[in-house]
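Undergrad: Generate coordinates for the sequence data below:
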Amino acid sequence: MDKFINLYNFIDFAKTNRKYPESTANNLKSALKIFEKELNAEELKSISMVENTVNEIFRSVVIANKEKSIISLNTYKARLLKVIKDYKKYGANPSKMQSWIVKTRKSSPTGKQIHQSTPLLIKKDKQDKDNKILSNFIEAPVYNCYKIEFSLREDAKAVISVPKDISLKEIKIIKAILDSLSTQE
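TA: Numbers count the residues shown, from 1 in each chain. Have a look, this model is predicted:
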């Protein structure tokens, strides 16, 4: 059984073998640290268990990290899943590391790096330090949206704007965010 701690060693090994640049390795370790705080003793003993219960663990991470935006937390989740995938492919049998071909990044005209398969990973984590709330109120008018207003109690009302063509997947995301708030009582 592969322990969660093995992922840290794998990242160091991959960095030493030039499979992860130093900045990527540091970002991946940050994601592991955030998720590791929310793991129970059984999950710490099994990478497969973490992978199988990642959605439940992610809810705990969202609740524990209210100061971070949901975009940032989704980025951390994507990084965790990337490390697990790479570990299963190359880390469980280190001799396979030699056959690991690293995808090169293409330069954009502005000189910034672009990675085609993971657009969320290029966002700077420092932006989240300024974004202390889960969502920001938008004053500008939004067209093709339903604006839903209702009173929760005498001193509080809720306003929700959703696109008219909202998908079932988007509804589930909104529901998950609201469900995560309900445990804060």
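Undergrad: Can you tell me the element the most centrally placed residue in the chain falls in?
TA: Nearest to the geometric centre of the chain sits Asn74, at 2.4 Å (CA atoms, centre = their mean). Counting by DSSP states H and E, the element that carries Asn74 is helix 70-86.
Undergrad: Now that helix - C-alpha only, PDB.
TA: The C-alpha trace of helix 70-86 is given here as PDB (Å, rounded to 0.1, in the frame of the first residue of the first chain):
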ATOM      1  CA  ILE A  70     -12.800  28.300  -5.100                       C
ATOM      2  CA  ILE A  71     -10.700  28.700  -8.300                       C
ATOM      3  CA  SER A  72      -7.500  28.400  -6.200                       C
ATOM      4  CA  LEU A  73      -8.800  25.400  -4.300                       C
ATOM      5  CA  ASN A  74      -9.800  23.700  -7.600                       C
ATOM      6  CA  THR A  75      -6.300  24.300  -8.800                       C
ATOM      7  CA  TYR A  76      -4.900  22.600  -5.700                       C
ATOM      8  CA  LYS A  77      -7.200  19.600  -6.300                       C
ATOM      9  CA  ALA A  78      -6.100  19.400  -9.900                       C
ATOM     10  CA  ARG A  79      -2.400  19.400  -8.800                       C
ATOM     11  CA  LEU A  80      -3.100  16.700  -6.200                       C
ATOM     12  CA  LEU A  81      -4.700  14.500  -8.900                       C
ATOM     13  CA  LYS A  82      -1.800  15.200 -11.300                       C
ATOM     14  CA  VAL A  83       0.700  14.000  -8.700                       C
ATOM     15  CA  ILE A  84      -1.300  10.900  -8.000                       C
ATOM     16  CA  LYS A  85      -1.600  10.100 -11.700                       C
ATOM     17  CA  ASP A  86       2.100  10.700 -12.300                       C
END
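Undergrad: What are the buried residues along it?
TA: By neighbour count on 16 or more other CB atoms under 10 Å, the buried set for helix 70-86 is Ile70, Ser72, Leu73, Thr75, Tyr76, Lys77, Arg79, Leu80, Lys82, Val83, Ile84, Asp86. For every residue, glycine as well, the C-beta is placed using N, CA and C.
Undergrad: how far is it from where the chain is centred?
TA: Computed by CA atoms, centre = their mean, to the nearest Å, the chain-centroid distance of helix 70-86 equals 4 Å.
Undergrad: And for stretch 63-70?
TA: Distance, stretch centre to chain centre, for stretch 63-70: 11 Å (CA atoms, centre = their mean).
Undergrad: cool, stretch 76-94 as well?
TA: 14 Å.
Undergrad: so what's Glu38 up against?
TA: Residues in contact with Glu38 (CB atoms under 8 Å, 6 or more residues apart in numbering) are Ile57, Ser60, Val61, Ala64.
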